[in-house]
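Undergrad: here is my input, please return the structure:
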Amino acid sequence: MADPVVVTIPHRLGKEEAIRRLKTGFGNARSTFSQPFVALTDNWNGDHLDFRASLLGQTTTGTVDVGEESVRLEVHLPWVLAVLANKAKAIVQKQGQLMLERPGKTPPRTN
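TA: A predicted model of the protein is given here:
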């Protein structure tokens, strides 16, 4: 497995509001993308999230740690996707920022 993609996203929401928005964002993503070939699971423990996303046999796992002023995401990509790690990092940063900025809305898909 390749090195994980790590993204830190600053925010001014406070820890509780950031957690609320991220939970809403993951819930929206799960209901939007839940199909026979897609699986997204998330397990919150306080301000720490473990998640797993599977699509067509490729599985990505990661963690989110929410702080008072920033969110740290760490994503472990399968080797097939690791070659796209730089693009993946930009996508993860953008989607995370959108979850924090727009509560209750599903982030638009990024091509």
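
Undergrad: run a quick neighbour tally on Phe26.
TA: Phe26: 18 surrounding residues under other C-beta atoms under 10 Å. Every C-beta, even on glycine, is put in place using the N, C-alpha and C of the backbone.

Undergrad: which stretches of this protein have low pLDDT?
TA: Confidence mapping of the chain against pLDDT under 70 gives the ranges 1, 33-37, 80-88, 102-111.

Undergrad: which parts of the top helix by length along the chain are buried?
TA: Longest helix of the chain, by residue count under DSSP state H: helix 15-33. Across helix 15-33, burial judged by 16 or more other C-beta atoms under 10 Å covers Lys15, Ala18, Ile19, Arg21, Leu22, Thr24, Gly25, Phe26, Ala29, Arg30.

Undergrad: out of everything not next to it in sequence, what's closest to the third one?
TA: Spatially, and ignoring its direct neighbours in sequence, Ile19 is nearest to Val66 (5.1 Å; C-beta to C-beta, 6 or more residues apart in numbering).

Undergrad: which residues does the one you found contact?
TA: By C-beta atoms under 8 Å, 6 or more residues apart in numbering, the contact list for Val66 reads Lys15, Ala18, Ile19, Leu22, Asp47, His48, Leu49.

Undergrad: before we move on, the earlier item: will you turn the buried residues of helix 15-33 into CSV that also has distance to Gln58?
TA: Output for the buried residues of helix 15-33, formatted as CSV (distance: C-beta to C-beta, whole Å):
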residue, distance to Gln58
Lys15, 32
Ala18, 28
Ile19, 28
Arg21, 27
Leu22, 23
Thr24, 26
Gly25, 22
Phe26, 19
Ala29, 17
Arg30, 17
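
Undergrad: just to revisit the earlier point, and for the helix or strand following the longest helix of the chain, what are the contacting residues?
TA: Of the helices and strands lying after helix 15-33 in sequence (DSSP states H and E), the nearest is strand 38-45. Applying C-beta under 8 Å, 6+ apart, the contact partners of strand 38-45 are 19, 23, 26, 29-30, 33-34, 49-55.
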